[in-house]
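In: got a predicted structure plus its sequence, pasted below:
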Amino acid sequence: MIAAQMPDTSAPKTVDAARGRWTRERALTLHDAPFNDLLFEAHTVHRQNADPNRVQLSRLLSIKTGGCPEDCGYCSQSAHHDTGLKATRLMEVERVIAAAVEAKKAGATRYCMGAAWRSPKARDMDAIVDMVAGVKALGMETCMTLGMLDGEQALRLKKAGLDYYNHNIDTSEQYYSEIITTHTFADRLNTLAHVREAGLKVCCGGIVGMGEAAADRVDMLVTLANLPEPPESVPINMLIPIDGTPLAGAKSIDGLEFVRIIALARIMMPKSCVRLSAGRSAMTEELQALCFFAGANSIFVGDTLLTADNPSESEDLALFRRLGIEAMQPNGA
Ligand code: SAM
Ligand code: DTB
Ligand code: SF4
């Protein structure tokens, strides 16, 4: 290793850096560093903060599918796109808990329940609260992603025992309106503030491969790292192109560029869980292995994400064996 070529993340050079905030310039310099330097740095940070051979397993369940009034350009569940997906009503509480029991048996420690809503309606909140309490009673961590929340809703979820709320900023502030027009980047930040104020843990990340520039990906990470507190969990999704959506034909992102984003997320948010989220079905095992080396330490398990395909549990188990990776236990060990 040649010291002069290593990305310099130590000495703060700007006022912002001195305050521990990330500037775009500092993040871009790291992003553009030689690949080996970036990966060495990311893996070093990863080892300093976590067991590099442990990966957390989360399981997703779509508790209300499709018919969403929002127009997110990537999403199979938006009523604005003709994706052929059948919309459903909110699932019964008992069915949700029965599915969580199965997920727990299969080794998942966190159960993430997603609804295709702009925001939850008052009439749905009782059922949502019962789902959280029921899954929590199984000894699993609970996560929900229900769209925008007001302060009261966030507090109600917290009181019900919810651990995490997932709400992604998805891309840079600049690129946001190219992808979504029915709500704003500021709306997303507003919900994240309510979630934080309620004392919930934040799961917030985004999607890469939507035709954005590398600078947009970097800006997205700068926004995340500079939140009053960085999210505990940072999902990095690779776009799953869905027929019928405006992004069906988006040019796929280069695998090595994807690894750079994982590595940068790891360096910029050293204590957070970086989740290798949607898009693993399109990745080679070698690419996933590089992502784990770069600092990804959580995945979604199970054949289906919310509506799209994911590698099977047996494939994931086989990959973990080959890499000597073990699933994280419920206590984080
Ligand atoms: N309606 C809620 C919301 O928008 O917050 C929750 C569900 S939404 C499906 C959760 C996240 O999944 C999105 O913010 C996006 O980052 C990710 N996602 C959705 N469709 C995707 C796709 N086709 N490829 C990759 N990620 C996707
Ligand atoms: C996140 O960032 N990725 C997950 C979770 N949060 C809710 C969802 C991925 C969805 C992929 C597309 C689908 O299954 O429809
Ligand atoms: Fe609705 Fe969420 Fe899909 Fe956007 S990402 S269309 S808000 S389900």
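Out: Okay, I see it. Ligands and ions are numbered 1, 2, ... in the order given.

In: interface residues of the protein facing ligand 1?
Out: Proximity of the chain to ligand 1 (C-beta under 6 Å from any ligand atom) is limited to residues 74-75, 114, 116-117, 145, 147, 167-168, 170, 206-207, 237, 239-240, 242, 278, 306. Bear in mind the C-beta positions are built from the backbone N, C-alpha and C, glycine included.

In: which of the residues you listed are close to ligand 3?
Out: Of these, the ones that also sit near ligand 3 (C-beta under 6 Å from any ligand atom) are 75, 116, 147.

In: burial of residue 28, as a residue count?
Out: Number of residues near residue 28 (other C-beta atoms under 10 Å) recorded here: 16.

In: host element of it?
Out: For residue 28, the host element (DSSP states H and E) is helix 24-31.

In: now that helix: mean pLDDT?
Out: Model confidence over helix 24-31, given as mean pLDDT, is 96.

In: got it, and stretch 204-212?
Out: Here stretch 204-212 scores 98 as its mean pLDDT.

In: span of it from start to end?
Out: The separation between the terminal residues of stretch 204-212, taken as C-alpha to C-alpha, to the nearest Å, is 18 Å.

In: just give me how far that stretch sits from the chain centre.
Out: Relative to its parent chain, stretch 204-212 has a centroid offset of 10 Å by C-alpha atoms, centre = their mean, to the nearest Å.

In: pull the residues that contact that stretch.
Out: Stretch 204-212 is contacted from outside by 73-74, 166-172, 175, 178-179, 192, 217, 220, 224, 227, 231, 233-239, 247, 250-253, 257-258, 261, 265, 275, 277-279, using C-beta atoms under 8 Å, 6 or more residues apart in numbering.

In: which ones among these lie within helices?
Out: Secondary-structure check on the contacts of stretch 204-212 using DSSP state H: residues within helices are 175, 178, 179, 192, 217, 220, 224, 257, 258, 261, 265.

In: now do the same for the third one: its pLDDT.
Out: Going back to what we said before, that points to residue 179. Confidence score, pLDDT, at residue 179: 97.

In: what's near enough to touch it?
Out: 72, 73, 74, 170, 171, 210, 247.

In: same question for the last one.
Out: By C-beta under 8 Å, 6+ apart, residue 265 lies in contact with 205, 221, 224, 234, 236, 272, 274, 295.

In: how many neighbouring residues does the residue of the stretch 151-300 of the chain found nearest ligand 3 have?
Out: The nearest approach of the stretch 151-300 of the chain to ligand 3 comes at residue 180, 6.8 Å away (C-beta to the nearest ligand atom). Counted by other C-beta under 10 Å, the residues lying close to residue 180 total 21.

In: pLDDT on the lengthiest strand in the chain, on average?
Out: The residue-count maximum for a strand in the chain (DSSP state E) belongs to strand 54-64. The predicted model assigns strand 54-64 a mean pLDDT of 94.

In: now do the buried residues in it.
Out: Using 16 or more other C-beta atoms under 10 Å as the test for burial, strand 54-64 gives 55, 56, 57, 58, 59, 60, 61, 62, 63, 64.

In: farthest-apart pair in these, please.
Out: Using C-beta to C-beta, the buried residues of strand 54-64 span at most 28.5 Å, a distance reached by 55 and 64.

In: is it true that residue 131 touches residue 95?
Out: No - between residue 131 and residue 95 no contact is recorded; they are 9.7 Å apart, counting by C-beta atoms under 8 Å.

In: more neighbours: those two, which one.
Out: More neighbours sit around residue 131 than around the other of residue 131 and residue 95, counting by other C-beta under 10 Å; the figures are 27 against 12.

In: give me the nearest residue to that one, chain neighbours excluded.
Out: Closest residue to residue 131 in three dimensions, ignoring its sequence neighbours and counting by C-beta to C-beta, 6 or more residues apart in numbering: residue 96, at 4.8 Å.

In: go ahead and confirm the one you found touches residue 62.
Out: No - using C-beta under 8 Å as the test, residue 96 is too far from residue 62 to be in contact (10.3 Å).
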